[in-house]
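Student: From the sequence below, what's the structure:
(2 chains)
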Amino acid sequence: MDWHRIWVVARHEYLTNVRRAGFIIMTASIPLLGILVLMVGTFFSGQARQLGEFFERQFEVGEKAIGVVDESGYFSPILPAYRGDFILYENETEAEAALKSEQVSRVLLIGEDYLETGRVTVVSLGSGFDVAVVGDSSTVRAFFVDHLLADQVDATLRERAADPLDAEPRVISSGGEAQGEGPWGFVFTFVVPYILAIFLVITIFTSSGYLLQSVAEEKESRVVEIVVSSVRPMELMAGKVAGLGALGLTQVLIWLISAAAFSGGAVALLAIVGAVTIPIRVLIFGMVYYVLGYTLYAILMASVGALGATMQESQQLAGVFSFFAAIPYMLSGLLFASPNALLPRVLSFFPLTAPTMMLLRLPLAEVPWVDVAGSIVALLISIPAALWMGAKLFRVGLLIYGKRPTLKEIWGILRG
Amino acid sequence: MIIQVQNLVKRYGDVVAVDHLSFQVERGELFGLLGPNGAGKTTTIRVIMDILQPDEGSVAVLDRPPGQAKDRVGYLPEERGLYRNLKVLDTLVYLAELKGVPRSTARERAASLLERIRLEEWAGRKVRDLSQGMQQRLQFVASLVHDPEVIFLDEPFQGLDPVNAERLKDFVAELHEAGKTIILSTHQMNRVEALCDRILLISKGQAVLYGPLAEIKQQYAPNTVRIRAPQVPTDLPGVTDVELDDGAFNLTLTEGSSPQEVLRALLERGVEVQAFEVAPVPLEEIFVAVVSGEEE
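Tutor: Numbers count the residues shown, from 1 in each chain, chains lettered A, B, ... in the order given. Take a look at the predicted model:
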């Protein structure tokens, strides 16, 4: 292997592809999206707030008071704290009149048997949806709990009984380390790494796609014969894999930096906080799968690119690999629900799906070590095998012009 | 010795493309590699260029295995093309760097070669903007940009218009004079006759003619001399037949007699010889005769 020549090829591939319109558009899409969100946020901040409030209103009982007709006796008189929000009526007729004249938004009819049955009739002018809202409203719940326990327990206990828990997620790995706390912890622990994994997977396929394109272009334009008279096919392949791998990393880096810059600090903290909240395991293995996955796919794409007679034909051939790579995406639903189900586990051992599958599984759960080891071993075995086959196909395929070799011929090349 | 090929065999499946081929190319020579389509010329060149591995036999380039001499050899393949989206100068610089030339030297050499083929104003343009003829000129200098000692030109005249073909011929002759070793593979026999010192004619992967061009032509020259004179005696020694053809006499010689002996005899007899020539045989005819003889 002549490392200088590999470097020359790698630099050439990097510099020519970094100027491709496709690469620039793809890479700029994330920062542009950030700018767009910022602009929308700035120009429409007023409207956005109104919109937000509108939605909020839909899920609250509203500003208007609620009428109460109490036959059980537990809610008469209404405690001073609730007098603004709740109005007591003598009977149903009075309450309904108040509802019709829009003095109250709803009326709660509390029967004599309330304590035994808990049954409360909600009268409203709107839909049945209102009933559900009343049932879920924390204000209404607090009203009931406070009145039921009014003379029996102290205020703090009453308050707690009305709102017994405020759930905050905290996930602990089997080793006992905490994986972030609060809602942001959840975002950093699962969502950010998951999105990052998706980006890495996208990058694997865009860069290996460029590799396919680069090989097919050299073959189609016939420049390849001059090139392989100067460098060995293995050196050419290595240079291309390295150069376009660096291109992929550039893309990831630009996305990360722009995401940090445009999110006004929230994700900017990723670099600092992220190091703490994204488990080291996910980070390290994420990189391992990224490198292994890219290498495997790059070699496959280079070989396939050398086989097709034209770019189009090469891309069709490569479709087979893209299909395998897409399988883990198709299983996203299953992955979120149970990342360690049998199917994802099996696919983690299959070299063509292993990199994508493991990148997506890692952030979602504590992946069994046997899966990590198994998938890495599967990739480490299949990469040299692909390289061996790829180099043969690459060497011969490059010089077969005008036609695609048949399966029989490919088999002959591999045996010979 | 610049190139030494010994008993080279290359097969594609059941097809034997090159069949126990041996030849040598000397330093500073302009060597013609000839043969009909599918004779195995390109395969032979690809083995010498280390693009293909031989099945049997050995190849040495500049006294080394082919893979170790790549930087000192230039190659203009028959199937050729360039990076269409790359700039003209960048293309030459990249190809030179692949041959191990430092970037700055590569730039200098590329610029001077572009000047030589009058494309210096196109240096910053993309290859796809060049005309067909310009691209062919560029391809040619791409094989020279690393200043190789040995240059393989596989069908260099293919697709060139007469003006560009003539310019290329002059360029090749110039390189030859400058001491480069050139291996020219072409179907255009007039170019071979005008340029080459020695030739190798291969058919079905085997050598059928090999040696100095003059000797081969001599070997295949018919036993005929053409004489312009008022009268020619019919009983000359070494002459079997005399016939008048278009105001001149065609004399058929016996095997073993030389045209010089016939001329001497004519002068001794006092024949007033106005013109005397050994009828030349075009290489094309030798090629056709040998190859069709092989095929039969």
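Student: Chain A contacts on chain B?
Tutor: Chain B comes close to chain A at residues B:13, B:46, B:49-52, B:67, B:70-71, B:73, B:75, B:77, B:79-86, B:94-95, B:97-100, B:142-143, as judged by C-beta under 8 Å from any C-beta of the partner chain. (Each C-beta comes from the backbone N, C-alpha and C, glycine too.)
Student: From those, list the buried ones, please.
Tutor: Among the residues of chain B next to chain A, the ones that count as buried by 16 or more other C-beta atoms under 10 Å in any protein chain shown are B:46, B:49-52, B:70-71, B:73, B:75, B:77, B:80-84, B:86, B:94-95, B:97-100, B:142-143.
Student: Restricted to helices, list the residues you listed.
Tutor: Applying DSSP state H to those, the entries found in helices are B:Arg46, B:Tyr94, B:Leu95, B:Glu97, B:Leu98, B:Ala142.
Student: Now do the contacts for the first one.
Tutor: Spelled out, it's B:Arg46. Counting by C-beta atoms under 8 Å, 6 or more residues apart in numbering or on different chains, B:Arg46 touches A:Leu399, B:Leu52.
Student: now swap in the fourth one and tell me
Tutor: Each residue near B:Glu97 by C-beta under 8 Å, 6+ apart is listed here: A:Val8, A:His12, B:Arg103, B:Ala106.
Student: can you check A:Val107 too?
Tutor: Listed by C-beta under 8 Å, 6+ apart, the contact set of A:Val107 reads A:66-69, A:89, A:92, A:95-96, A:98-99, A:122-124.
Student: try it again with 7 Å
Tutor: Going by C-beta atoms under 7 Å, 6 or more residues apart in numbering or on different chains, A:Val107 touches A:Gly67, A:Val69, A:Ala95, A:Glu96, A:Leu99, A:Val123.
Student: could I get the helix or strand hosting it in PDB with only the CA atoms?
Tutor: In the assignment (DSSP states H and E), A:Val107 maps to strand A:104-110. Only the C-alpha atoms of strand A:104-110 are listed here, as PDB (Å, rounded to 0.1, in the frame of the first residue of the first chain):
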ATOM      1  CA  VAL A 104     -71.100  30.000  34.400                       C
ATOM      2  CA  SER A 105     -69.400  27.700  31.900                       C
ATOM      3  CA  ARG A 106     -70.700  24.500  33.300                       C
ATOM      4  CA  VAL A 107     -72.800  23.100  36.100                       C
ATOM      5  CA  LEU A 108     -71.800  20.300  38.400                       C
ATOM      6  CA  LEU A 109     -74.800  18.400  39.800                       C
ATOM      7  CA  ILE A 110     -73.700  16.600  43.000                       C
END
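Student: can you list contacts of the helix or strand that it is followed by?
Tutor: Helices and strands here follow DSSP H and E; after strand A:104-110, the next one along the chain is helix A:114-117. With contacts defined as C-beta under 7 Å, 6+ apart, helix A:114-117 is touched by A:Ser72, A:Tyr74, A:Val120.
Student: Excluding sequence neighbours, find me the nearest residue to A:Ser258.
Tutor: A:Pro31 (3.7 Å; C-beta to C-beta, 6 or more residues apart in numbering or on different chains).
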